[in-house]
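A.B. asks: need a 3D model of the following:
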Amino acid sequence: MIEKIIEYSARNKFLTITLTLFLLVWALFAIRRIPLDAIPDLSDAQVIIFTEWPGRSPTLIEDQITYPIITSLISAPKVKGVRGQSMLGLSFVYVIFEDGTDLYWARSRVLEYMQGVSGKLPEGVAPTLGPDATGVGWIFQYALVDESGRHDLAALRSFQDWTLRYWLQSVPGVAEVASIGGFVKQYQVNIDPNKLAAFRIPLNHLIMAIRASNNDVGGRVIEQGGREYVVRGLGYLKSLEDIRIIPIGTDAKGTPIRVEDVATVTIGPDIRRGVAEMDGKGEVIGGIIVMRYGENALNVIKGVKEKIKEITPSLPPGVKIVATYDRSDLIGQAIDTLKQTLTEELVIVSLVIFLFLWHIPSAAIPIMTIPIAVLLSFIPMYYLGLTSNIMSLAGIAISIGVIVDGAIVQVENAYRKLERAQQDGATKLPREIRLQAIKEVGPSIFFALLVVAVSFIPIFTLEAQEGRLFKPLGFTKTMVMAVAAILSITLTPAIMMLFAQKAFLGIRPGWLQSMTNHLLVGKYYPEERHPMSRLLMWAYQPLLEFVLRHRKLVLIAALIAVLSTVPVYLRLGSEFMPPLNEGTILYMPTTLPGISITEATRILRLQDKILKEFPEVLSVFGKIGEAK
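C.D. replies: All right, here's what the predicted structure looks like:
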């Protein structure tokens, strides 16, 4: 079967090469659409449930919200674990699913189970799902800075929450824009309990009155002049004065009692649970861009940057957006490093092949196989949903030397057959000699490459983070070797038979045909006259004779050399991840529990100021607390 494929590909070389060119175009299509990232996504398939109940203690949040949600979701299908975290006014529940679970399937299951738990929660509490993102979705971060001093932190936070956030969320691939720092503006009603008691008005009556007054209502329609007019009651609160004049009751004489009679209405900040600071100069407003699951990180970051450039003229006077974290730098560096490594390996392998064969047509065949096999491996990568990152591309890099093994053996065998035929003056056509040489070793090469391809199958048994880190490498290594095995019985025979033709593309006899034949056919050297073989045999023969004469000494020396590596091996360190010089350092200090937001802000500013004094540091962005 394999020999028939080889013979068909060799006999129909132009068809085989045309199909390969079509596949190369397909590969370029896949390369342009494969998601790019620095490292594989190591996070679990998880869904976050966020619940807010303002002003309640962590203990009450745990008993009334976190615990009921956890107990309801722990029996959901494919759930590996459920973790809860309760804090002042907030509850977070992390539902972790088994490896390989589709994130959107998991989110739909959580929504189904949350319908059953809604009746167990306090009135008015509405849990919400977190963004459809993963743990590595944090791809871009910025600070909203006002160096002119014309805008306070409350105004900047309002602009971030109500304008800038929605501009950036419109970028394709952005799941969420989280805000941190500044002051969240509120309408605050500061009640005087003595006045409230003097008027004998319950507190909940005041709350209900304000709530009921902030509403639009609709009525019937009236006809006038042949047209219908809808009757509406406009009651949304738009100013402090609207709140002050809300009636909450009457006194003994029937005079209305308004909110301003028992309370002071002002604009003030919400309780602060997060602070952002930059370069030790003072507080700023921060924004965190979270990428949607499965998106191309590099494309999303480019879209965010383009959007920021587009909206810069619309920012308030004196305000600018400063990038404080940008993963595209790491992605670009990782991809460029691997591209450089692949190029260097390609050049080195090609040079070695040429030096050892000393024959341009024979050397060109395996050299052409390397980039073609690498490019074609991106087609299955794209349709398997793999990301182009440092681990998946590393699988290609470590395969470079093995890709050409099949082509080298085929070319070497054909080279020797043709060289002997040239010496013996055989009358058999060169293309027939070459085809016979290919068929002689083709099946063995095909199965040998497949054996190498399946050698990485044990990697697919890894689970959890280890599996998510190394499986992309195993996939790409296996796919590259499988592609190389297929090329060894299709494209390689076709190219070899193409080079076997003395009259190429109908070139007429003359000096052009002579030059073309020299390049495409070349001259075959016997092994004893081959320049590289003569040099190597000159250096290798004395060494071989010495080893054969002193066998015991050589074996003892080899054993000692192996044993000497044991102490070195025991002193070697180990790391889960390869070192990545991202240029961005995440510094996470801890402090005593219960520290006030004011003291934490003072410490944060002092730390950032000290770190900024190092000459190597470009900028320092510090944050404490939560972003939402």
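
A.B. asks: where does this structure have its least confident helix or strand?
C.D. replies: helix 511-520 (a mean of 44; mean pLDDT, DSSP states H and E).

A.B. asks: how about the strands in the stretch 101-250 of the chain?
C.D. replies: For the stretch 101-250 of the chain, strands defined by DSSP state E, counting those that start in this stretch occupy the ranges 128-129, 138-146, 174-180, 185-191, 217-224, 227-233, 247-250.

A.B. asks: go through stretch 117-132 and flag the buried ones.
C.D. replies: Buried residues in stretch 117-132, counted by 16 or more other Cβ atoms under 10 Å: 117, 121, 127, 130-132. From N, CA and C alone the C-beta is placed, and that goes for glycine too.

A.B. asks: how about stretch 315-330?
C.D. replies: Judged by neighbour count using 16+ other Cβ under 10 Å, the buried positions of stretch 315-330 are 315-316, 319, 321, 323-328, 330.

A.B. asks: endpoint to endpoint, that stretch covers what distance?
C.D. replies: This stretch, stretch 315-330, spans 29 Å end to end (Cα to Cα, to the nearest Å).

A.B. asks: who's in contact with it?
C.D. replies: Contacting residues not belonging to stretch 315-330 are listed as 38, 138-151, 155-156, 159, 164, 278, 286, 297-298, 301-302, 308, 312, 580, 582-584, 619, 621 [Cβ atoms under 8 Å, 6 or more residues apart in numbering].

A.B. asks: of these, just the buried ones, PyMOL syntax please.
C.D. replies: Per 16+ other Cβ under 10 Å, the buried members of the contacts of stretch 315-330 correspond to this PyMOL selection:
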select buried, resi 38+138+139+140+141+142+143+144+145+146+151+155+156+159+164+278+286+297+298+301+308+621
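
A.B. asks: tell me which two of the buried residues of stretch 315-330 sit farthest apart.
C.D. replies: By the measure Cβ to Cβ, 316 and 330 form the most distant pair in the buried residues of stretch 315-330, at 31.6 Å.

A.B. asks: measure the residue lying farthest from the centre of the chain to residue 185 for me?
C.D. replies: Centroid-distance maximum for the chain: residue 253 at 70.4 Å, with Cα atoms, centre = their mean. Computed as Cβ to Cβ, to the nearest Å, the residue 253 to residue 185 distance reads 38 Å.

A.B. asks: with residue 305 instead?
C.D. replies: 29 Å.

A.B. asks: backbone phi and psi for the residue farthest from the centre of the chain, please?
C.D. replies: phi -90, psi 0 (degrees, to the nearest 10).

A.B. asks: ignoring the adjacent residues along the chain, who's closest to residue 101?
C.D. replies: residue 45 (4.5 Å; Cβ to Cβ, 6 or more residues apart in numbering).

A.B. asks: if I pick that neighbour, what's in contact with it?
C.D. replies: Going by Cβ under 8 Å, 6+ apart, residue 45 touches 96-103, 106.

A.B. asks: repeat for residue 274
C.D. replies: 180-181, 623-628 are the contacts of residue 274 under Cβ under 8 Å, 6+ apart.

A.B. asks: tell me the phi and psi of it?
C.D. replies: Backbone torsions of residue 274, given as degrees, to the nearest 10, read phi -160, psi 140.

A.B. asks: surely residue 145 touches residue 276?
C.D. replies: No. Residue 145 is beyond contact range of residue 276, at 10.3 Å (criterion: Cβ atoms under 8 Å).

A.B. asks: list residues touching both of the two?
C.D. replies: Joint contacts of residue 145 and residue 276 (Cβ under 8 Å, 6+ apart) are residue 284.

A.B. asks: what comes up buried for the longest helix seen in the chain?
C.D. replies: The residue-count maximum for a helix in the chain (DSSP state H) belongs to helix 328-357. Buried residues in helix 328-357, counted by 16+ other Cβ under 10 Å: 328, 330-331, 333-335, 338, 342, 345-346, 349-350, 353-354, 356-357.

A.B. asks: helices or strands up against the helix or strand hosting residue 82?
C.D. replies: According to DSSP states H and E, residue 82 maps onto strand 79-87. Using 3 or more Cβ pairs under 8 Å, 6 or more residues apart in numbering; DSSP states H and E as the contact test, the elements touching strand 79-87 are helix 58-61, helix 67-73, strand 90-97.

A.B. asks: nearest to residue 605, of the ones you listed?
C.D. replies: strand 90-97 (25.2 Å).

A.B. asks: contacting residues for the closest residue to residue 199 other than its chain neighbours?
C.D. replies: Using Cβ to Cβ, 6+ apart and skipping the chain neighbours, the partner closest in space to residue 199 is residue 257 (5.5 Å). Taking Cβ under 8 Å, 6+ apart, we find residue 257 in contact with 199, 201, 247-251.

A.B. asks: tell me the one among those residues nearest to residue 498.
C.D. replies: For those, the nearest to residue 498 is residue 248 (93.6 Å; Cβ to Cβ).

A.B. asks: which of the residues in stretch 180-191 are classified as buried?
C.D. replies: Neighbour count says stretch 180-191 has 180-185, 189 buried, by 16+ other Cβ under 10 Å.

A.B. asks: apologies, that question was intended for stretch 64-73.
C.D. replies: Buried residues in stretch 64-73, counted by 16+ other Cβ under 10 Å: 64-70, 72-73.

A.B. asks: cool, and stretch 263-270?
C.D. replies: Residues 263, 265 are the ones in stretch 263-270 that count as buried (16+ other Cβ under 10 Å).

A.B. asks: now it - C-alpha only, CSV.
C.D. replies: Only the C-alpha atoms of stretch 263-270 are listed here, as CSV (Å, rounded to 0.1, in the frame of the first residue of the first chain):
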residue,chain,number,x,y,z
ALA,A,263,-32.3,64.4,57.3
THR,A,264,-29.5,66.1,55.4
VAL,A,265,-29.2,65.1,51.8
THR,A,266,-25.8,65.4,50.2
ILE,A,267,-23.6,63.8,47.5
GLY,A,268,-20.8,61.6,49.0
PRO,A,269,-18.7,58.6,48.3
ASP,A,270,-19.6,55.0,48.8
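
A.B. asks: name the residues that touch that stretch?
C.D. replies: So stretch 263-270 is contacted by 154, 183-192, 195-196, 206, 240, 243-244, 259 (Cβ under 8 Å, 6+ apart).

A.B. asks: now do 7 Å
C.D. replies: The contact list for stretch 263-270 (Cβ atoms under 7 Å, 6 or more residues apart in numbering) reads 154, 183-192, 240, 243-244, 259.

A.B. asks: closest one of those to residue 558?
C.D. replies: Nearest member of these to residue 558, counting by Cβ to Cβ, is residue 184, at 72.1 Å.

A.B. asks: just checking, the closest one touches residue 157?
C.D. replies: Yes. Counting by Cβ atoms under 7 Å, residue 157 is a contact partner of residue 184 at 5.9 Å.

A.B. asks: partners of the spatially closest residue to residue 66 that is not a sequence neighbour in the sheet?
C.D. replies: Nearest non-adjacent residue to residue 66, counting by Cβ to Cβ, 6+ apart: residue 84, 4.1 Å away. On the basis of DSSP bridges, residue 84 is bridged to residue 93.

A.B. asks: so who does residue 84 touch?
C.D. replies: So residue 84 contacts 66, 70, 92-93 (Cβ under 7 Å, 6+ apart).
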